[in-house]
Structure formats: C-alpha cells, structure tokens
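>>> how does the following fold in three dimensions:
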Amino acid sequence: MFGRSAKNRTNKSQRSGSAAGSAPAGAGVLSCRAIDPVSEPVRNAEFTVTDAMGRKVVSGGADPFGSFLATVPFGDYRVAISAEGFTPYRADAVVEQGVDADLGDVTMLVAAPPTLPGPGDWDMEPTHSSISFTARHIGMARVHGRFNTFAGAIRIAESMEESAMHVVIDASSIDTNVKMRDDHLRSSDFLDVANFPTLEFYSDRFVHRGGSRWAVTGALTLHGVTRTVTLDTEYLGVGNGMEGETRAACRATTELHRDDFTVSWQTMLARGIAVVGPSITIALDVQIVPKD
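So this is what the prediction gives:
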C-alpha cells in the first residue's frame, strides 16, 4: 500500500522540488520511493515504466534513499518495482503536463524465500547446466567460452547450511569457438591439461544471505593450485521437468585472478602471447536432480 502521512508528504516535496516545473513542454515528472516494512529505503530497487501499449519507456535503479524520478511525456503509464528479497510491485500512474505524478512511498512486502530442495544426494544434470566464462582480451574485446564436460554432486543436509558439493570439470573441454585459441588454452602456457586434466571445486559452507541469495564458499583446484573461492549464488527454486521429475536450479558467479593459480601473465606477455586478461568471470547455470 502507499504511505501518505504528513512525513511522507514532506519527503515528496523534498524529492520532487521544482522538477515538474522544469519539465519540457508536453512532459511531466513521475516519481516514487520504495521502502521496506519498517520504512527504511530499499536501495537495490529497480524501476521500470511502460506506456499504455506495454512498451518500456524508462528504467533505472533507486538512489540511496530508495527514490526514483523520471521526466516522461504526459500520458498513462504502468510502474513496476522489483528488488531482491521483495515481492514485485505494480501500479498505474497518469502523468500530466508540467505536473509531478508522485506515487509517494511504496511499501515493498518481503517475499517468501523459494522452497529448498529436500535432503539427500543430488546430481548436476549436464544437459540443462552450463559452466561458462568471460575474460578481457588485452583489455579490449571480451572472450566468451565454456567447459563442455563436467560432473557434480550435492549432498543436501537437513539444514541447508550443512550441505556439501563437489564439481569436477574436464579442462580439455574448454571451448571458445576458436580452435587455435582453444589449443593454446589447453597448452602449458595456460591450463596445461596434460599435467592438470581437471578443475575441481569442493564446498561444505553454504551461507544464506537473505531471500534467494546464498554464498557458497569452497576450495577450487586449478593448474595444480588450490584457492578459496566464493560463489555468489541465486537459488531459483524447485520444479518439475517435462517428464515430471523433480529438479532444482540456481545461478552463480565468481571472479578468478589467473596469477592466483600460477598462470603467469608476465611470462605470457614476455613471449608475446596475448590470450585473455588477468581476471576471469565464471558463471554457472545449474540444474540438479535427485540421485538415482
């Protein structure tokens, strides 16, 4: 619901100021502020404004006070507000020429977290999972790639925080869609797959960050070196596949620095080799199914 107290009306005046009066001819100002149930600003709120035909007109994030303000042509609009951990909100707004159409303080309701998978052993389902990466090519174009062969297992505990996972990746399955580059990435200059045929990640630390966000921290072994890595994970929930089988899904990202795994950037530059930049973003899109 909307807050319309005297305090909120004061906030409205402070937010909008003379914005509507300075709007160009044929336009007005649309504004609102997202707050949580205890009236604190929702700083990570995202706003999308669409017209009467459903076409996006403007979008953007909240300022540090949870506020959003946009100048738009006068007309009828639909405002959608979303934020991690909150139920999406939608409202209609009419913007008149030279007028501030202020929706006031919108109280976002806390969303119930998605149902967690049941305790037991689960396998990563490779057909509907992917492990990809993105890197800079000497600070210029991005290099996109993936690993085509991998396997993983997760043991879900009664308490999710006590769960564990193990993922093994075939290093030779690296694929950037350029054979010469892939051959080089497999060589001793980079992954050295002859001596280090797999990448492995093991974790037994699952930390709930609120809503659908989790931090999964574990040991990644790459190029014969083991380092602690945290996956920023978004849990997507439990569902059923086309044949009715139960499955759960999540997305996760992390950033690796090649020097941490003794893949020497300086040595490669000295040899005139330029493959990828010093940091690499890893993205996992994972579905798991109960172990047979």
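
>>> the protein - how does it break down into domains?
According to automatic domain parsing, the chain is divided into the following domains: 2-107, 120-290.

>>> now the ones you listed as JSON lines including mean neighbour count and mean pLDDT?
C-betas here are computed from N, CA, C, even on glycine. Shown next, in JSON lines, are these (neighbours: other C-beta atoms under 10 Å; pLDDT from 0 to 100):
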{"stretch": "domain 2-107", "mean neighbour count": "16", "mean pLDDT": "82"}
{"stretch": "domain 120-290", "mean neighbour count": "16", "mean pLDDT": "86"}
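
>>> Pro113: which of those domains is closest?
Of all those, it is domain 120-290 that lies closest to Pro113, at 5.9 Å by C-beta to C-beta.

>>> I'd like to know which elements the helix or strand in which Ile280 is found is packed against.
For Ile280, the element it lies in under DSSP states H and E is strand 279-290. With contacts taken as 3 or more C-beta pairs under 8 Å, 6 or more residues apart in numbering; DSSP states H and E, strand 279-290 sits against strand 120-124, strand 130-136, strand 150-156, strand 246-257.

>>> any idea of the angle that strand forms with strand 120-124?
An angle of 130 degrees separates the directions of strand 279-290 and strand 120-124 when computed by axes from the mean of the first three to the mean of the last three C-alpha atoms, to 10 degrees.

>>> chain center to strand 279-290: distance?
Per C-alpha atoms, centre = their mean, to the nearest Å, the displacement of strand 279-290 from the mean C-alpha position of its chain is 12 Å.

>>> can I get that strand in CSV, CA atoms only?
What follows is strand 279-290, C-alpha atoms only, in CSV (Å, rounded to 0.1, in the frame of the first residue of the first chain):
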residue,chain,number,x,y,z
SER,A,279,40.8,-11.8,-14.4
ILE,A,280,38.1,-14.1,-15.5
THR,A,281,34.4,-14.1,-14.6
ILE,A,282,32.9,-17.6,-14.1
ALA,A,283,29.2,-18.2,-14.5
LEU,A,284,27.3,-21.4,-13.6
ASP,A,285,23.8,-22.1,-14.6
VAL,A,286,22.9,-25.4,-12.8
GLN,A,287,20.0,-27.8,-12.5
ILE,A,288,20.2,-30.7,-10.1
VAL,A,289,18.1,-33.9,-9.9
PRO,A,290,17.8,-36.5,-7.1
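
>>> residues making contact with it?
Strand 279-290 has contacts (C-beta atoms under 8 Å, 6 or more residues apart in numbering) with 117-118, 120-125, 128-136, 152, 154, 231, 241, 245-258.

>>> partner strands of that strand and their direction?
Strand 279-290 has these partner strands in its sheet, going by DSSP bridges: strand 120-124 (antiparallel), strand 130-136 (antiparallel), strand 246-257 (antiparallel).

>>> what does the longest one rub up against?
For strand 246-257, the external contacting residues (C-beta under 8 Å, 6+ apart) are 116-117, 122, 125, 128, 214, 216, 220, 222, 229-241, 278-290.

>>> I figured Pro119 hits Glu158, correct?
Yes - contact status for Pro119 versus Glu158: in contact at 5.2 Å, counting by C-beta atoms under 8 Å.

>>> how far does the strand ranked longest in the chain sit from its chain's centre?
If each strand of the chain is counted by residues according to DSSP state E, the longest one is strand 225-240. On the basis of C-alpha atoms, centre = their mean, the separation between the geometric centre of strand 225-240 and that of its chain is 11 Å.

>>> quick check: the nearest residue to Pro117 once chain neighbours are set aside vs Asn240, distance?
Nearest in space to Pro117, with sequence neighbours left out and distances taken as C-beta to C-beta, 6 or more residues apart in numbering, is Ala248 at 4.1 Å. When distances are taken as C-beta to C-beta, to the nearest Å, Ala248 and Asn240 turn out to be 11 Å apart.

>>> just Arg209 next, same as before
With distances defined as C-beta to C-beta, the gap from Arg209 to Asn240 amounts to 27 Å.

>>> ditto for Leu191
Using C-beta to C-beta, Leu191 is found at 38 Å from Asn240.

>>> for Ile81, same thing?
In this structure, Ile81 lies at 30 Å from Asn240, with C-beta to C-beta as the measure.
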